[in-house]
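In: Here is the input, now give the coordinates:
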Amino acid sequence: MRCLVSGGNVTVIGRAIHALSRIGDECYLEAMVDGLALRTVNSSRSAYACFLFSPLFFQKYDPRVPGDREESETQVEPFRCKIVMKSILAVFKSPASLEKTVEKCKFAVGRDADQLVIQLQCKYGITKTHNLSFQDCETLQAVYTKEACPNTLRAQPKLLTDTVMHFPSTLEEVTLDIHSRKVTFRNYIEPDSDPKKTMLTEIVLTPLEFDDFCVQEEAEITFCLKELRGLLGFAEASGLPLSVHFNGPGR
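Out: Here you go, the predicted model:
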């Protein structure tokens, strides 16, 4: 497997890895004909994330390992491996620094090798080579159907970023309460909490603030805020709108 990333796309890869690190402790890498997938799942397997970079994202992309060179690309067996998140995160420490100093990034691995080689070609002729140990693994894929969700929200990332910034960074969970005429974000409070010692923060958004607002079933769901912050950081830096699909709690 060999692929070459150049220009600003190196920073995009770095931001994707930073977003994944907010969710799981391991990065699952899969090189397929359709592109390179970076995935992770949290320890309780309640949150999953995937970034799929198509072959057009790369300057050069070859999912085959050396022994597969004679095979056609449509018959290539996907290369899969699992890497400790801290290891790959150390390669892409700062997206801002990547944008200023790194010109190209190369991923490579051989069939008999037990290491993933990530090479950063920097300005002034500097090359940084990282050899990361990995483990073989099965494909990691969540099962979900967006079309089955009765509620859909679509918004620019800044709207949600400005919303969650009002909550402390130490807050673990946030509750989303959605009705036909408003959306409320508030910090989750345990039912047996002392109201005199607990601070409740609520932010209310109207349907007009969203690009798309479709509510068929009113719902109240609670989820991890850390994972949402990681996604918002990537989306805002990339200028990508967010679509949220959901139904009732526990689904």
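
In: quick one: low-confidence ranges for the stretch 101-250 of the chain?
Out: Low-confidence segments of the stretch 101-250 of the chain, defined by pLDDT under 70, are located at 110-113.

In: hey, where'd the helices end up in it?
Out: With helices called from DSSP state H, counting those that start in this stretch, the stretch 101-250 of the chain shows them at 157-164, 225-238.

In: quick one: which of these is nearest Val33?
Out: Minimum separation from Val33 across those (C-beta to C-beta) falls at helix 225-238, 24.4 Å. For glycine as for every other residue, the C-beta is placed from the backbone atoms N, C-alpha and C.

In: Who are the packing partners of the closest one?
Out: Identification of packing neighbours for helix 225-238 by 3 or more C-beta pairs under 8 Å, 6 or more residues apart in numbering; DSSP states H and E yields helix 9-21, strand 48-53, helix 157-164, strand 173-178, strand 242-246.

In: one more time with 7 Å
Out: Secondary structure elements in contact with helix 225-238, counted by 3 or more C-beta pairs under 7 Å, 6 or more residues apart in numbering; DSSP states H and E, are helix 9-21, helix 157-164.

In: mind putting the helices of the stretch 101-250 of the chain in JSON lines, mean neighbour count and distance to Ala142 included?
Out: Shown next, in JSON lines, are those (neighbours: other C-beta atoms under 10 Å; distance: least, C-beta to C-beta, whole Å):
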{"stretch": "helix 157-164", "mean neighbour count": "17", "distance to Ala142": "21"}
{"stretch": "helix 225-238", "mean neighbour count": "19", "distance to Ala142": "13"}
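
In: Tabulate these (a markdown table), appending distance to Ser133.
Out: Rendered in a markdown table, the data for the helices of the stretch 101-250 of the chain read as follows (distance: least, C-beta to C-beta, whole Å):
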| stretch | distance to Ser133 |
| --- | --- |
| helix 157-164 | 35 |
| helix 225-238 | 25 |
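
In: And the helices and strands packed on helix 225-238: which comes nearest Leu52?
Out: Evaluated over those, closeness to Leu52 peaks at helix 9-21, with 9.9 Å, by C-beta to C-beta.

In: could you point out which element follows that closest one?
Out: The helix or strand immediately downstream of helix 9-21 is strand 26-32, counting by DSSP states H and E.

In: now that next one and helix 9-21, what's the angle there?
Out: Regarding strand 26-32 and helix 9-21, their directions subtend 130 degrees when assessed with axes from the mean of the first three to the mean of the last three C-alpha atoms, to 10 degrees.

In: Pull the residues that contact strand 26-32.
Out: With contacts defined as C-beta atoms under 7 Å, 6 or more residues apart in numbering, strand 26-32 is touched by 1, 17, 20, 37-40, 63, 78-85, 88, 137, 139-140.

In: Out of the residues you listed, which end up buried?
Out: For the contacts of strand 26-32, burial is judged from neighbour counts taken by 16 or more other C-beta atoms under 10 Å, and it is met by 1, 17, 20, 37-40, 63, 79-83, 85, 88, 140.

In: Cool, thanks, talk later.
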